[in-house]
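1. build me a model:
(2 chains)
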Amino acid sequence: MRVLGLCVSTPDGPDIQDLDFRVRAGEAVALTSLGPCDLPTLVEVLSGLRWPDGGTVSRGDLRSAERFHSSQPRLRSYQSSRKLRITGSLVSPTVSLINNLSLFDNIALPLRYHFAPSEKVVDERTGRLLEALHLTSEARERPAGLARGIVRRTQLARALILEPTVIFLDSFISDIDQESARLIVAALREYLEKGILAVVAAGYDPLPLLPLVSRVLVLFDGRLAGSMEGEDLDEKNFLENMNRLGRRLQKGE
Amino acid sequence: MSPETDQKTPSGDEASQDPVMSPEADQRTPSGDRPSPAEKAAYHPRRRAVPFWLRPPLFLLHTVRYLFVLFWLIYQSFVSVFWERRKSKKLIFQIFLQQIYFTAIQSLPLTVLIAIVVGALLMREASIILPTYGFPDYAEWITVQLVFREIAPVVVALVIVARSANAIVIEIGNMKVNGELRALDVLGFNLDYFIVLPRILAMIVSVTTLTVCFCAAALWGGFWTADVLDLLESNFILVNLEKNFTLEILGNILLRAAGFGVIISSVACLHGLGVRISPTEVPQQASGGVVRALSLCFAFNFVVSVYF
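-> Predicted structure coming up:
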């Protein structure tokens, strides 16, 4: 995914201006912010749910790049937006499960709707995800009354069932139990190691994401203020670097 | 084609029942979603009293806008068949069958009971009253016109509105409040195809089927009940009733039933989708939907009675 000169006007926080970055297959990037910033709106724009006010987001290789930008015609943008949601899944606490379906049916629902495969294929793919995220014992339960960690894992499984090229996480693992967070990170790392998925994770608290991501992009006042990778992502180094960056930005450097 | 943020709501008349919101409420909701023009229309800022002379034209304007939004919803749901032609029909068919079960099968006993009672009562009245006014030969004909052509579709529509329209509004409204519709939208589902269309088609089939069952139950069940209870005069004959039940009357009944099915389901879906963020809006939209559905059904019935 390539983001070029992205501009997004946001209701909460400063408008995002001239955001440029690239995420390759097999790479996980975290987006965080020092100070107020409407990260959920940014993630919705990156995932194709909203249209940017300026700039371009393109996904896929050079031959089949899907681009969307502010000047696209309305009908084309609507159709492109629907297609983008299949190739790139948004996973967020606000994208809830369907309450009168079991966890199995919730996970299988997008697959049944978009591709209508045989029930054997549905069982196989859903079973694999249930096993990877340790949800097999709760597969026939309904979401109401289940722990938040289980619900989040199910949301992730539902996003992964369509085998998207990129997954967008929005404040996804900062408020769940450690075991569920560990399972989610492990499942995503497996996909990343196969090189078939890219992950863009946004959150105000990027610490739980550090084991997963290879790069952290820091926004300040709506603009890209810094980037950390490699050894900077060690927890202790990361906190020191963030503090240092925060002090520099406050001084106006 | 509706963009993902284009949700549908009833007209601004409902605003008098809704919580009064400040002008700032026209901005984004706390969840960050920008309200669509139709949603904004459903919520008025605190407004000055409208002069009495201005109310009829405003009412007319709101009604026209409401009908436009309703027709647009029906149009989009049928057009979605083309746009979603590569998507699963099996899933839609399952929802369609589920809706037929809840709407038609579960309403059948009540409908048949009402049909027998109404049929027996009206046949008794027709067989006793009409001959005293010099119309002994017209008793069966008027009974057929009254019971089957006029009363059967309306009574079935009343039963369906009371049972199913309410349930559809509450179901879709709760899905909206719980974020399930947003989840489906995020996953690339076309809500007109997945939510609205199966309910419209199921309602058309259910209302039509129930109306036919009502007519059959009123005709034979009503006649035999009245006959066994010795409520009918000897001039009232079942064969004459059956002879007067022509294909033209059947066509008229089916036209009304199909129209009622489209109206009831589309109004219910529109009001369900009109719920925004608060659970307290669900009962408001449910009662508004019932009243609107009934009004439009009676208006449609009047037009068909006069012109067809």
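
2. residue A:190 is in what secondary structure piece?
-> helix A:178-194 (DSSP states H and E).

3. ok, then the element right after that helix?
-> strand A:198-202.

4. paired strands for that following strand, with orientation please.
-> According to DSSP bridges, strand A:198-202 forms sheet pairs with strand A:28-33 (parallel), strand A:166-170 (parallel).

5. hmm, who's touching the shortest one?
-> With contact meaning Cβ atoms under 8 Å, 6 or more residues apart in numbering or on different chains, strand A:166-170 is reached by A:1, A:23, A:39-40, A:43, A:46-47, A:59, A:87-94, A:159-160, A:188, A:197-203, A:209. In this view, the C-beta of every residue, glycine as well, is placed from N, C-alpha and C.

6. give the burial count for residue 240, as a bare number.
-> Going with chain A. 12 (other Cβ atoms under 10 Å in any protein chain shown).

7. can you look at chain B instead?
-> Residue B:240 has 16 nearby residues by other Cβ under 10 Å.

8. same question for the one 4 residues further on.
-> Neighbouring residues of residue B:244 were enumerated by other Cβ under 10 Å; the total is 17.

9. run the chain-centre distance for the helix or strand containing residue B:253.
-> Taking DSSP H and E as the definition, one finds residue B:253 inside helix B:247-273. With Cα atoms, centre = their mean, to the nearest Å as the basis, helix B:247-273 stands 6 Å off its chain's centre.

10. and that helix, average pLDDT?
-> Mean pLDDT, computed over helix B:247-273, is 94.

11. same check, this time on stretch B:95-102
-> 94.

12. now it, how far from the chain's geometric center?
-> Centre to centre, stretch against its chain (Cα atoms, centre = their mean), the figure for stretch B:95-102 is 16 Å.

13. buried stuff in it?
-> Under the neighbour-count criterion of 16 or more other Cβ atoms under 10 Å in any protein chain shown, stretch B:95-102 has B:95, B:96, B:99, B:100, B:102 buried.

14. next one: stretch A:92-104
-> Per 16+ other Cβ under 10 Å, stretch A:92-104 contains these buried residues: A:92, A:93, A:94, A:95, A:96, A:97, A:98, A:102, A:103, A:104.

15. what's the end-to-end length of it?
-> 19 Å (Cα to Cα, to the nearest Å).

16. any part of that stretch near chain B?
-> Yes - applying Cβ under 8 Å from any Cβ of the partner chain, one finds stretch A:92-104 in contact with chain B at A:92, A:94, A:95, A:96, A:97, A:98, A:99.

17. identify the residues contacting the spatially most central residue of chain B.
-> Nearest to the mean C-alpha position of chain B, by Cα atoms, centre = their mean, lies residue B:264 at 1.5 Å. Shown in contact with residue B:264 (Cβ under 8 Å, 6+ apart): B:157, B:160, B:161, B:164, B:165, B:203, B:207, B:293, B:297.

18. with these in mind, which one is nearest to residue A:137?
-> Closest approach to residue A:137 among the contacts of residue B:264 (Cβ to Cβ): residue B:164, at 36.9 Å.

19. separation between the closest one and residue B:212?
-> 17 Å (Cβ to Cβ, to the nearest Å).

20. then residue A:41?
-> Residue A:41 is 52 Å from residue B:212, by Cβ to Cβ.

21. how about residue A:57?
-> Taking Cβ to Cβ, one finds residue A:57 at 54 Å from residue B:212.

22. surely residue A:54 meets residue A:7?
-> Yes - with contact defined as Cβ atoms under 8 Å, residue A:54 reaches residue A:7; the gap is 3.4 Å.

23. could you check how many residues crowd around residue A:117?
-> Residue A:117 has 15 nearby residues by other Cβ under 10 Å.

24. what about the stretch 201-308 of chain B, any weak spots by pLDDT?
-> Within the stretch 201-308 of chain B, the segments meeting pLDDT under 70 span B:234-235.

25. need the helices for it, in chain order.
-> B:223-228, B:238-244, B:247-273, B:281-307 (DSSP state H, counting those that start in this stretch).

26. the last one vs helix B:247-273, what angle?
-> For helix B:281-307 and helix B:247-273, the angle between their directions (axes from the mean of the first three to the mean of the last three Cα atoms, to 10 degrees) works out to 160 degrees.

27. is chain A within reach of helix B:281-307?
-> No - Helix B:281-307 stays clear of chain A (Cβ under 8 Å from any Cβ), getting no nearer than 14.4 Å.

28. how about the residues of the stretch 151-253 of chain A that lie near chain B?
-> residue A:158.

29. same check, this time on the stretch 1-150 of chain A
-> Counting by Cβ under 8 Å from any Cβ, the residues of the stretch 1-150 of chain A that sit close to chain B are A:11-12, A:38, A:40-41, A:44, A:47, A:49, A:74-75, A:78-79, A:81-83, A:85-86, A:89-90, A:92, A:94-99, A:109-110, A:112-116.

30. ok so, going back, the more surrounded of residue B:164 and residue B:212?
-> The residue with more neighbours, out of residue B:164 and residue B:212, is residue B:164; 25 against 17, by other Cβ under 10 Å.

31. that one touches residue B:203, doesn't it?
-> Yes - at 7.2 Å, residue B:164 counts as touching residue B:203 under the criterion of Cβ under 8 Å.

32. and for the two, which residues touch both?
-> Common neighbours of residue B:164 and residue B:203 (Cβ under 8 Å, 6+ apart) are B:103, B:264.

33. okay, and the helix or strand of chain A with the least pLDDT?
-> strand A:66-69 (a mean of 53; mean pLDDT, DSSP states H and E).

34. for the residue lying farthest from the centre of chain A, give its distance to residue A:245.
-> For chain A, the largest distance from the centre (Cα atoms, centre = their mean) belongs to residue A:251, which lies 32.0 Å off. Residue A:251 sits 11 Å away from residue A:245, taking Cβ to Cβ as the criterion.

35. same question, residue B:191
-> 43 Å.

36. residue ranges with poor pLDDT in chain A?
-> Using pLDDT under 70, chain A drops low at A:60-81, A:253.

37. which parts of it are strands?
-> Ranges of strands within chain A are A:2-8, A:16-22, A:28-33, A:54-59, A:66-69, A:88-91, A:166-170, A:198-202, A:215-220, A:223-229, based on DSSP state E.

38. just name the most buried of those.
-> Using mean count of other Cβ atoms under 10 Å in any protein chain shown, the stretch among the strands of chain A with the greatest mean number of neighbours is strand A:88-91 (a mean of 26).

39. quick one: the helices in the stretch 51-200 of chain B?
-> Under DSSP H, counting those that start in this stretch, the stretch 51-200 of chain B gives helices at B:55-83, B:89-100, B:108-132, B:139-143, B:152-160, B:166-177, B:180-186, B:191, B:197-216.

40. send the alpha carbons of the fourth one over as PDB?
-> In other words, helix B:139-143. The C-alpha trace of helix B:139-143 is given here as PDB (Å, rounded to 0.1, in the frame of the first residue of the first chain):
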ATOM      1  CA  ALA B 139     -76.500 -10.700  -1.700                       C
ATOM      2  CA  GLU B 140     -73.700 -13.000  -2.900                       C
ATOM      3  CA  TRP B 141     -72.300 -10.400  -5.400                       C
ATOM      4  CA  ILE B 142     -72.100  -7.600  -2.800                       C
ATOM      5  CA  THR B 143     -70.600 -10.100  -0.200                       C
END
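
41. please list the residues of the stretch 101-250 of chain B that sit near chain A.
-> Residues of the stretch 101-250 of chain B lying near chain A (Cβ under 8 Å from any Cβ): B:175, B:178-180, B:182-190, B:194.

42. now with 10 Å, please.
-> For the stretch 101-250 of chain B, the residues in contact with chain A (Cβ under 10 Å from any Cβ of the partner chain) are B:171, B:174-175, B:178-190, B:193-194.

43. this completes my enquiry, with thanks.
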